[in-house]
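Need the 3D shape of this:
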Amino acid sequence: MPVIQHIRNFAIVAHIDHGKSTLADRILELTGTVPKKRMREQILDTMDLERERGITIKAVAVRIPYTSEDGTEYQLNLIDTPGHVDFSYEVSRALAACEGAILLVDAAQGPQAQTLANLYLAIEQDLAIIPALNKIDLPAARPDEIREEVMNLIGGHEDEVSMISAKDGRGVLEILDRVVREVPPPAGDIDKPFRAMIFDSHYDTYKGVVVYIRVIDGIIKLRDHIEMMATGRKFEVNEIGIFTPWHVKVDRLSAGEVGYLSATIRDIKDANIGDTVFLAGKRDEIEPLEGYREPKQMVFASFYPVEPEDYERLTIAMEKLNLNDASFSYQKESSAALGFGYRLGFLGVLHMEIVQERLEREYELELVITVPTVRYELLFTDGHIEYIESPAGFPDRTRLEEIREPVCDCTIVTPKEYIGAVMELAYKRRAIHQGMEYIGTERVTLKFQIPLSELIIDFNDRLKGCTKGYGSLDYEHAGYTAAKLVKVDILVNGEPVDALTFLTDSESAQRKGREMVVKLRSTIPRHLFDIPIQAAIGGKIVARETIKALRKDVTAKCYGGDITRKRKLLEQQKKGKMKMKQVGSVSIPQEAFLAALKIRKDE
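Next up, the predicted model:
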């Protein structure tokens, strides 16, 4: 059992693609934590999605034994965190379990938007910050210039910025020595009653819910009886372990350590992330831990199973996935066009895509996903306020005093030569400019307030395009502001399809309705009858397209004879199509529900 003064808990934080996972690989390799024969790139990125996309989605903890320059043995608990803005909740949870953070900056790109966001998160948690420049081996690296920019952000002296190359291992062990010297040990007390915080969990078919814990005080051993603060449920611990990064069983965990425990917890609702775990019968002696701030879902979409009989499987999959990713919310929903499903809330569009792919891959589901929307605040004429996430639930406009849409405070970091292009893009998205300041001499930080609905679809892609890949974006929710919005209903074969309904600003509503029906005409397959597709605003049709019927050649068998014979067959076919149109149903493919994603405002 280690002395608590010899434990260090730290995270690696950075903008996306600045080398966090590569640095974690080198640390594990150079300290001998992972044998060379088992070593591979991105070893802490365990999901196929992470390896395919080259991004970290889940924060991962690993224990590292380390001997310092003076011969003292330390236990380092490292957490590798995501870098994308959609997974900032994962980063905040990881930092809450640490006393220090390595702030990693690409020596060629310099501080980016998410670098600033993660730095502010670490400062809020009062963590020891160790700045480091990575990729100094690159020909395009500008270490002296970037080091000055970093010091402008955090203050201090230039010598405090470590120069490393996570690829070839240069400077990696030196930065671990800094962790030992500069990161304080955990503040827990081994002699107090046991209490720990649940910072993550997953569901195991044989073990039930496996909870990942950071022990704050005391000791937990096998066969101890534990209790959950939130639910009051009690369990007997039957397995305790640590992350190496693989799960390795141990006999106990003590104050300051990070590990996992299994206690045959079968009900997913009994293990809440952020809850306090303690020894059963000690409730009066335990002060609950603060836990985590609740994540703010900003993007909403509906998930429906393609096959109605898969609804129960979707329900079970949603519960299990939510145990591993507590940052999305879900509630039951039904649609006249799609049947029973769920309305989900996400931190961003990338987060939505990841959840969708995990449900389809890990639980073998086929899903129909509706167009992502945001949450609106509605002020009614009688003074009360309601929130809606689905345009289908939009009330009669005469009952509303005001419609308010969510806005975000956006930080964009870009080279100075692209300021004009970024400004033009932002103003096309109804942005309000809030300020500008230089980082060094070549790059600038631009601040805007932009409606969330203008950000979620393709803003980041457009930003990368107009800055040749050098621009970066970070944003956070900044409340609601009044807006002139209207609901655009989409009718297919005369029937409104609530899953295709959308809200938009009144100035562009008619144009967007036209673009939507044109897009649907090319995605909905032809049937044996004409299919009208219409866009309506408040009962007024503003756009229409028609998908022409497939024509079966009923006259093919007529190889001669009078023309009246052919006319008779064509008249019979016409009557049959009219009858079919009255009772026929239209098959709408998944691509049609994502048609709005293809509507680009700037084309």
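
Name the nearest residue to S68, sequence neighbours excluded.
Nearest residue to S68, sequence neighbours excluded (CB to CB, 6 or more residues apart in numbering): V180, at 5.0 Å. C-beta coordinates here come from the backbone N, C-alpha and C atoms, glycine included.

need the contact list for that neighbour.
If you count contacts by CB atoms under 8 Å, 6 or more residues apart in numbering, V180 has them with 8, 66, 68, 72, 74, 76.

Mind giving me the PyMOL select for the residues you listed, buried ones only?
Under the burial definition 16 or more other CB atoms under 10 Å, those of those that qualify are selected in PyMOL by:
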select buried, resi 8+66+74+76
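
Name the nearest of the contacts of V180 relative to R283.
Distance to R283 across the contacts of V180 (CB to CB) is lowest for R8, with 31.2 Å.

Need the three-state assignment for that closest one.
strand (DSSP: H, G, I helix; E, B strand; the rest coil).

That one contacts V183, doesn't it?
Yes. Between R8 and V183 there is a contact under CB atoms under 8 Å: 4.9 Å.

Is it correct that V248 is in contact with G241?
Yes. If you go by CB under 8 Å, V248 and G241 touch, sitting 5.6 Å apart.

So which of those two has more stuff around it?
For the pair V248 and G241, the greater number of neighbours falls to G241 (17 against 12), based on other CB atoms under 10 Å.

So that one sits against G259, correct?
Yes. Contact criterion CB under 8 Å: G241 and G259 qualify, at 5.7 Å.

Which residues are in contact with each of the two?
Joint contacts of G241 and G259 (CB under 8 Å, 6+ apart) are V250.

quick one: average pLDDT of stretch 341-351?
Averaging pLDDT along stretch 341-351 yields 86.

how far does that stretch sit from the chain's center?
Taking CA atoms, centre = their mean, to the nearest Å, the mean C-alpha location of stretch 341-351 is offset from the chain mean by 8 Å.

cool, and stretch 478-490?
On CA atoms, centre = their mean, the centre of stretch 478-490 falls 24 Å from that of its chain.

For that stretch, list every residue counted as buried.
For stretch 478-490, the neighbour count (16+ other CB under 10 Å) marks 480, 483, 485-490 as buried.

Return the alpha-carbon coordinates of that stretch using CSV.
C-alpha atoms of stretch 478-490 as CSV (Å, rounded to 0.1, in the frame of the first residue of the first chain):
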residue,chain,number,x,y,z
ALA,A,478,-24.5,31.8,-23.2
GLY,A,479,-28.3,31.7,-22.5
TYR,A,480,-31.2,32.7,-24.8
THR,A,481,-32.1,35.7,-26.8
ALA,A,482,-35.3,36.8,-28.7
ALA,A,483,-35.5,35.7,-32.3
LYS,A,484,-37.9,35.9,-35.2
LEU,A,485,-38.5,32.2,-35.9
VAL,A,486,-41.1,30.3,-37.8
LYS,A,487,-42.0,26.6,-38.1
VAL,A,488,-41.7,25.0,-41.6
ASP,A,489,-43.8,21.9,-42.0
ILE,A,490,-42.9,19.3,-44.7
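
which residues touch it?
Outside stretch 478-490, the residues touching it (CB under 8 Å, 6+ apart) are 376-377, 391, 394, 397, 402-409, 449, 451, 496-497, 500-507, 509, 512-513, 516-517, 520, 533-538, 542.

Quick one, which of those residues are buried?
376-377, 391, 394, 403-408, 449, 451, 496-497, 500-505, 509, 512-513, 516-517, 520, 533-537, 542.

Where do the helices of the stretch 501-603 of the chain begin and end?
For the stretch 501-603 of the chain, the helices defined by DSSP state H, counting those that start in this stretch occupy 509-523, 563-583, 590-593.

Same question for the chain.
With DSSP state H as the criterion, the chain has helices at 20-30, 48-53, 88-96, 113-124, 143-154, 172-182, 311-324, 349-362, 419-428, 452-455, 459-466, 509-523, 563-583, 590-593.

so which of those helices gets nearest L253?
L253 sits nearest to helix 88-96 of all the helices of the chain, at 18.1 Å, using CB to CB.

Distance from the closest one to the middle of the chain?
13 Å.

Need the contact partners of it.
If you take CB under 8 Å, 6+ apart as the criterion, helix 88-96 is touched by 11, 13, 57-59, 79, 81-82, 101, 117-118, 121-122, 125, 127, 197, 199-200, 273-274, 292-293, 295, 327, 347.

try stretch 458-476
15, 85, 109, 112-114, 116-117, 408-415, 418, 421-422, 424-425, 429, 450, 455, 597, 600, 602.

With stretch 109-120 instead?
Residues from elsewhere that reach stretch 109-120, judged by CB under 8 Å, 6+ apart: 13-16, 18, 81, 83-85, 88, 91, 101, 103, 105-106, 129, 142, 145-146, 149-150, 153-154, 411-413, 439-440, 443, 445, 470, 472-474, 476.

Just the C-alphas of that stretch, formatted as CSV.
Provided in CSV are the C-alpha atoms of stretch 109-120 (Å, rounded to 0.1, in the frame of the first residue of the first chain):
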residue,chain,number,x,y,z
GLN,A,109,0.3,25.2,-34.6
GLY,A,110,0.6,27.0,-31.2
PRO,A,111,-2.3,27.5,-28.7
GLN,A,112,-5.7,26.7,-30.2
ALA,A,113,-9.3,27.4,-29.1
GLN,A,114,-9.6,24.2,-27.1
THR,A,115,-6.2,24.8,-25.6
LEU,A,116,-7.6,28.0,-24.0
ALA,A,117,-10.8,26.2,-22.9
ASN,A,118,-8.9,23.3,-21.2
LEU,A,119,-6.5,25.8,-19.6
TYR,A,120,-9.5,27.7,-18.1
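
residues of it that come out buried?
By neighbour count on 16+ other CB under 10 Å, the buried set for stretch 109-120 is 109-119.

can you check stretch 458-470 too?
Of the residues in stretch 458-470, 458-460, 462-463, 466-467, 470 count as buried by neighbour count, 16+ other CB under 10 Å.

Of those residues, which is the nearest to V355?
Proximity to V355 was ranked across those by CB to CB; first place goes to N460, at 18.2 Å.

so how far is G19 from the closest one?
According to CB to CB, to the nearest Å, N460 stands 21 Å off from G19.

One more: I240?
Per CB to CB, I240 is found 33 Å from G19.

and the two? which has more neighbours close in?
Ranked by neighbour count (other CB under 10 Å), I240 and G19 place G19 first, with 24 against 20.

what sits against the more buried one?
G19 sits next to 104, 106, 134-135, 166-167 when contact means CB under 8 Å, 6+ apart.

Cross-reference those with the strands and report the matches.
Using DSSP state E, the members of those that fall within strands are 104, 106, 134.

Now list the buried members of the residues you listed.
For the ones in strands among the contacts of G19, a burial check counting by 16+ other CB under 10 Å picks out 104, 106, 134.

quick check, nearest of those to I354?
L104 (22.4 Å).

where in the chain is pLDDT low?
For the chain, the stretches with pLDDT under 70 are 1-2, 40-59, 83-87, 291-293, 337, 551-563, 565, 569-570, 573-587, 589-603.

Give me the longest strand you can find in it.
Identified as the longest strand of the chain according to DSSP E is strand 400-415.

Restrict that strand to CA atoms and write it as PDB.
Presented in PDB, the C-alpha positions along strand 400-415 are these (Å, rounded to 0.1, in the frame of the first residue of the first chain):
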ATOM      1  CA  LEU A 400     -46.700  33.100 -27.900                       C
ATOM      2  CA  GLU A 401     -45.400  36.400 -26.700                       C
ATOM      3  CA  GLU A 402     -41.800  35.700 -27.700                       C
ATOM      4  CA  ILE A 403     -39.500  33.000 -29.000                       C
ATOM      5  CA  ARG A 404     -36.000  32.800 -27.700                       C
ATOM      6  CA  GLU A 405     -33.200  30.800 -29.300                       C
ATOM      7  CA  PRO A 406     -30.000  29.600 -27.600                       C
ATOM      8  CA  VAL A 407     -26.800  31.500 -28.300                       C
ATOM      9  CA  CYS A 408     -23.100  30.600 -27.700                       C
ATOM     10  CA  ASP A 409     -20.000  32.600 -26.800                       C
ATOM     11  CA  CYS A 410     -17.600  31.400 -29.500                       C
ATOM     12  CA  THR A 411     -13.800  31.700 -29.500                       C
ATOM     13  CA  ILE A 412     -12.000  31.400 -32.800                       C
ATOM     14  CA  VAL A 413      -8.200  31.200 -33.100                       C
ATOM     15  CA  THR A 414      -6.800  31.900 -36.500                       C
ATOM     16  CA  PRO A 415      -3.800  33.300 -38.300                       C
END
